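> what follows is a predicted structure for the sequence shown.
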Amino acid sequence: MAMNEASGHHDTQPSPPPFRADPSETLYGGYTRFELELEFVTMLSSPLYLNHLASLKLLQAPDFVAYLKYLQYWTRPEYIKYLSYPGPTLRALELLQEERFRTEILSPEVVGMLMQESVKESLELYGR
């Protein structure tokens, strides 16, 4: 555990997983923690998935909110390169840090707006 200089307390968050699996690393269903967390943060790029998580009330659960904070390590350059959809994924990680967004994503209008923005950004990216 690392010492948090600001608070003087030890951080309780685990360190991000290594890129390459250690042969002694515990596997979860045959996958490393890195692979599972990569798949999960990639799914966060979907507004429909965010709505689903909110409908299950996971986005209000303190432990889940802490997990979303832990996942901020994906914003670091050495991890970004592994993201299939870095723009939408990083945006979702940022928005999920806000309590207001975690509540508002239940709204079909908010989901629709995010989906429209994603389509617009994709069209601009690919020049259509």
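Noted; the coordinates are in hand. Numbering: from 1, shown residues only.
> for this structure, what's the longest helix?
Looking across the chain with DSSP state H, the single longest helix is helix 108-125.
> give me the helices and strands touching that helix, please.
helix 47-55, helix 86-95 (3 or more CB pairs under 8 Å, 6 or more residues apart in numbering; DSSP states H and E). For every residue, glycine as well, the C-beta is placed using N, CA and C.
> what's the closest of those helices to residue 69?
Smallest distance to residue 69 across the helices and strands packed on helix 108-125 (CB to CB): 9.4 Å, for helix 86-95.
> report pLDDT for the residue lying closest to residue 64 once chain neighbours are set aside.
Using CB to CB, 6 or more residues apart in numbering and skipping the chain neighbours, the partner closest in space to residue 64 is residue 58 (4.7 Å). For residue 58, the pLDDT comes out at 98.
> distance check, residue 58 against residue 40.
With the distance defined as CB to CB, to the nearest Å, residue 58 ends up 12 Å from residue 40.
> and for residue 87?
Here residue 87 is placed at a distance of 17 Å from residue 40 (CB to CB).
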